[in-house]
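Peer 1: Make a model of this:
(one chain, ligands or ions: 1)
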Amino acid sequence: MERHGAWIDPAVELARATNPAEAAFFAQEDRLATKWHHYLEVYDRHLSRYRGKPVRILELGIFQGGSLQMWRRYFGPDAVIHGLDINEACTQIDEPGITVHIGSQSDAGLLRRIAEAMGGIDVVIDDAGHISPDQIASFETLYPLMAPDGVYFVEDVHASYWPDLGGGLRAPGAFMEYAKRLLDRLHARYVLDPDPFPRDPGFADATQGIAFHDSMVVFERRRKPPPRALTVGHRTLS
Ligand SMILES: C[S@@+](CC[C@H](N)C(=O)[O-])C[C@H]1O[C@@H](n2cnc3c(N)ncnc32)[C@H](O)[C@@H]1O
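Peer 2: Below is the predicted model:
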C-alpha cells in the first residue's frame, strides 16, 4: 500500500478542484503536505462553516508543515492554528499565526496545556503516529475539552487494522473497535440489555454524530437534548 502520496501536477489538479479544501491543498507550493485525495472533500463537508472565522484548529502530526499552511489558506487569516509533533525539527517552522508544540500525542498533560493555551479547540485533526492506543489517548483527553460544536478527525484509521500499530481486525485495542464502541455509546439511551458498557449519557449528549469514511472517522460534537419524536398532519388511513 502506498503510504506516502504520489507526486502529482498541482496546477492540473488545482484547475479541476471541486471544493475549497482541494483548492487549498493543490495551491500548496511551499512546505510539503501529504493527504489522501478523498479526505479533502470530507474536510470541506465538515469544516466549511468555519471558513473566514477565528476557528481554533489543532493538528496532531506536523511532518513538514505543509498541512498547517494549507489550513491557513483554507480557513483564512483569522484561524488560530496549532500543531503538535514528536519531531523537534518542527520547531524550525516559524510562521505568523502558526504555533508549534513538541511532544507526544499520548501526553495528556501536554494536550491539556495546549488546549488551555488555545483558549479552547474547535477542530482536531489527528494525523500523528496512527498507533491505536495513542489515537485513543489523544481522543480521550481532547474530545471533552473541545467546543460544544467542535469536530474531531482521526485520520488513516486503516492503520487500525495493522498489528504493528496496535491494531488488527476486531482487535480489542484497535482504534476502529474503540470507535465502534463509541457508536454504541451514542445510542446508550436505547440499549435495553443490562449495561453491556458503562452507560455514558455524557458522550451521547455531547455528540451529534460519528461519520465513518474510508480511513477516517469524524466525530461531530453538538449539545443534544433528549430526542423528540414529532408528528404533524392528520391520520387518514385506518
Ligand atoms: C503523516 S505525518 C503528518 C502529516 C501532516 N499532517 C500532513 O498532512 O502533511 C505524521 C507525523 O506525526 C509525527 N508523530 C509520530 N508519532 C507521534 C506522536 N506520538 N506524537 C506526535 N507526533 C507524532 C511524525 O513525526 C510525523 O511528522
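
Peer 1: what residues are up against the residue positioned nearest the centre of the chain?
Peer 2: Most central in the chain under C-alpha atoms, centre = their mean is F153, positioned 1.3 Å from the mean C-alpha point. By C-beta atoms under 8 Å, 6 or more residues apart in numbering, the contact set of F153 is 43, 46, 123-127, 216-218. The C-beta positions use only the backbone N, C-alpha and C, and glycine is treated the same way.

Peer 1: List the contacts of G97.
Peer 2: By C-beta under 8 Å, 6+ apart, the neighbours of G97 are 72, 77, 79-81.

Peer 1: Just the ones of the contacts of F153 in strands?
Peer 2: Per DSSP state E, strands hold the following members of the contacts of F153: 123-126, 216-218.

Peer 1: quick one on the thing from earlier: average pLDDT for the helix or strand harbouring the residue nearest to the centre of the chain, rounded please.
Peer 2: F153 belongs to strand 146-155 when elements are defined using DSSP states H and E. Averaging pLDDT along strand 146-155 yields 98.

Peer 1: Spell out which parts of this structure neighbour the ligand.
Peer 2: Contacts of the chain with the ligand, taken as C-beta under 6 Å from any ligand atom, map to 33-35, 59-63, 66-67, 84-87, 104-106, 127-129, 134.

Peer 1: Now a ChimeraX select for only the buried ones of those.
Peer 2: Buried residues among the residues of the chain next to the ligand (16 or more other C-beta atoms under 10 Å), as a ChimeraX selection:
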select :33,35,59,60,61,62,63,66,67,84,85,86,104,105,106,127,128,129,134
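
Peer 1: in the chain, what spans have low per-residue confidence?
Peer 2: 1-5, 195-201 (pLDDT under 70).

Peer 1: if we go to 80?
Peer 2: 1-8, 192-201 (pLDDT under 80).

Peer 1: Let me see the ranges of the strands in it.
Peer 2: Going by DSSP E, the chain shows strands at 56-60, 80-85, 98-102, 121-126, 146-155, 207-213, 216-221.

Peer 1: Nearest approach to Y50 belongs to which of those?
Peer 2: strand 121-126 (6.5 Å; C-beta to C-beta).

Peer 1: got the angle between the closest one and strand 80-85?
Peer 2: Calculated by axes from the mean of the first three to the mean of the last three C-alpha atoms, to 10 degrees, strand 121-126 forms an angle of 30 degrees with strand 80-85.

Peer 1: helices or strands up against strand 121-126?
Peer 2: Using 3 or more C-beta pairs under 8 Å, 6 or more residues apart in numbering; DSSP states H and E, the elements in contact with strand 121-126 are strand 56-60, helix 132-142, strand 146-155.

Peer 1: Tell me which of these sits most buried.
Peer 2: Each of the helices and strands packed on strand 121-126 was assessed for mean neighbour count using mean count of other C-beta atoms under 10 Å. The highest is strand 56-60, with a mean of 24.
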